[in-house]
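Visitor: Task: produce atomic coordinates for the following.
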Amino acid sequence: MVSEHKNRLVIKDIAKMCNVSPQTVSRVLNQRCDVSPETRNRIERVIAETGYQPSFLARSLVNHRRNKGIQKVDWLNSAVEVGYQSLKMQVLQNSTWVMIGDSITACDRDPMNHADLGKGYVSFVDGLITACWPSNHVCVLNRGIPGGTIREMKSRWQEDVLELQPDWLSICVGFNDVWQQFNSHHKGQPHVTLDEYEKTLNELLITIKPILKGLVLMTPYLILPQSEPMRVMMDKFGEAVNRLAQRHQTLFVDTQSIFDMAVQHGSIEELTWDGVHLTIPGHMILARAVLQSVGLDLS
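Guide: You can find the predicted model right below:
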């Protein structure tokens, strides 16, 4: 029975069985010392009983460290492109910044509380702006919806974007559009094709761009080997976002490249437990990239 199911297990399953967080399981897998002996023994016992193994990429990277000791990793510049000329920090002053997307953006936000920023990169962006540039007075709003596709984003565009009249807007969508094409529960249902994704996103940009001071487009990503079929498809969706960023001369954050570079410096499971949803360090990397794209220097 174990051999039948072990390949289906992910780190969240082990965490649930042990009644701990996925981050704690990751610490045990990475042989970190900040786990109590009792918890470590419980997790190791469940791993042995279930036959769980980390993903291929995680196993190949868990012991791979290019830099030892304390050293700052500065690899964002090549993945963040500024489309607007002479962008200055002051453009964010006294502005409203709406961030829209799916569960990566939502990250446990309460949809009934329109001021709730969730627990992910959106809240980190807001916190860093407030801490580092308190005089800017930026109002950050999170409009991420778990499970959302570009179709669903279009259906709520009027309420979640146009009616808010934002000065700045960032968009990160496409994960579910790709994932549903590979998920058995969605077989037989009409999927969002690459053409529909690019066409719909282009239409949405046309409606909002005239009223914006700044627009940030972020690629969807999948932290898996480039040979994986879902990753191949995700890269194509990312290329579509890049094309639209060039067409509309927007700011562009290549999140896929950022995470590809990030895993070269540590374990994949320090950033994500399923290839998509991020840990705190993963969200912080994303927040830093977004801030850097709009000219806010955290170096």
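Visitor: Can you read off the pLDDT for the closest residue to Cys107 other than its chain neighbours?
Guide: With C-beta to C-beta, 6 or more residues apart in numbering as the criterion, Cys107 has its nearest non-adjacent residue at 2.9 Å, and that residue is Gly120. Yep, even glycine has a C-beta here, placed from its N, CA and C like the rest. For Gly120, the pLDDT comes out at 96.
Visitor: Now do the contacts for Gly120.
Guide: Ile104, Thr105, Ala106, Cys107, Asp108, Leu278, His283, Leu286 (C-beta atoms under 8 Å, 6 or more residues apart in numbering).
Visitor: Quick one: the residues you listed as CSV, columns for distance to Asn142 and neighbour count too.
Guide: As requested, those are exported to CSV (distance: C-beta to C-beta, whole Å; neighbours: other C-beta atoms under 10 Å):
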residue, distance to Asn142, neighbour count
Ile104, 11, 27
Thr105, 7, 27
Ala106, 7, 25
Cys107, 8, 22
Asp108, 10, 12
Leu278, 15, 21
His283, 12, 23
Leu286, 13, 27
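Visitor: so which of those comes closest to Val232?
Guide: Here the nearest of these to Val232, counting by C-beta to C-beta, is Ile104; it sits at 19.8 Å.
Visitor: In contact with the closest one, which residues?
Guide: Here Ile104 is in contact with Gly120, Tyr121, Gly144, Cys172, Phe175, Val276, His277, Leu278, Leu286 (criterion: C-beta under 8 Å, 6+ apart).
Visitor: so what's the fourth one scoring on pLDDT?
Guide: Cys172 carries a pLDDT value of 97.
Visitor: how about it, what does it touch?
Guide: Neighbour list for Cys172: Met99, Ile100, Gly101, Asp102, Ile104, Thr105, Met218, Thr219, Pro220, Thr255 [criterion: C-beta under 8 Å, 6+ apart].
Visitor: Which members of those are classed as buried?
Guide: Using 16 or more other C-beta atoms under 10 Å as the burial test, the contacts of Cys172 include Met99, Ile100, Gly101, Asp102, Ile104, Thr105, Met218, Thr219, Pro220, Thr255 as buried.
Visitor: Switch these over to JSON lines; also include pLDDT and secondary structure.
Guide: Supplementary listing: those in JSON lines, determined by pLDDT from 0 to 100; DSSP: H, G, I helix; E, B strand; the rest coil:
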{"residue": "Met99", "pLDDT": "98", "secondary structure": "strand"}
{"residue": "Ile100", "pLDDT": "98", "secondary structure": "strand"}
{"residue": "Gly101", "pLDDT": "96", "secondary structure": "strand"}
{"residue": "Asp102", "pLDDT": "95", "secondary structure": "coil"}
{"residue": "Ile104", "pLDDT": "95", "secondary structure": "helix"}
{"residue": "Thr105", "pLDDT": "97", "secondary structure": "helix"}
{"residue": "Met218", "pLDDT": "96", "secondary structure": "strand"}
{"residue": "Thr219", "pLDDT": "96", "secondary structure": "coil"}
{"residue": "Pro220", "pLDDT": "96", "secondary structure": "coil"}
{"residue": "Thr255", "pLDDT": "94", "secondary structure": "helix"}
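Visitor: Reformat those as a markdown table; add distance to Lys12.
Guide: A markdown table is the format used below for the buried ones among the contacts of Cys172 (distance: C-beta to C-beta, whole Å):
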| residue | distance to Lys12 |
| --- | --- |
| Met99 | 25 |
| Ile100 | 26 |
| Gly101 | 21 |
| Asp102 | 18 |
| Ile104 | 15 |
| Thr105 | 20 |
| Met218 | 24 |
| Thr219 | 24 |
| Pro220 | 20 |
| Thr255 | 21 |
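Visitor: What is the nearest of those to Cys132?
Guide: Looking across these and measuring by C-beta to C-beta, the closest to Cys132 is Met99, at 17.8 Å.
Visitor: Out of the contacts of Gly120, which is nearest to Glu49?
Guide: Of all the contacts of Gly120, Glu49 sits closest to Leu278, with 28.2 Å by C-beta to C-beta.
Visitor: With adjacent residues omitted, what lies nearest to that closest one?
Guide: Thr272 (5.4 Å).
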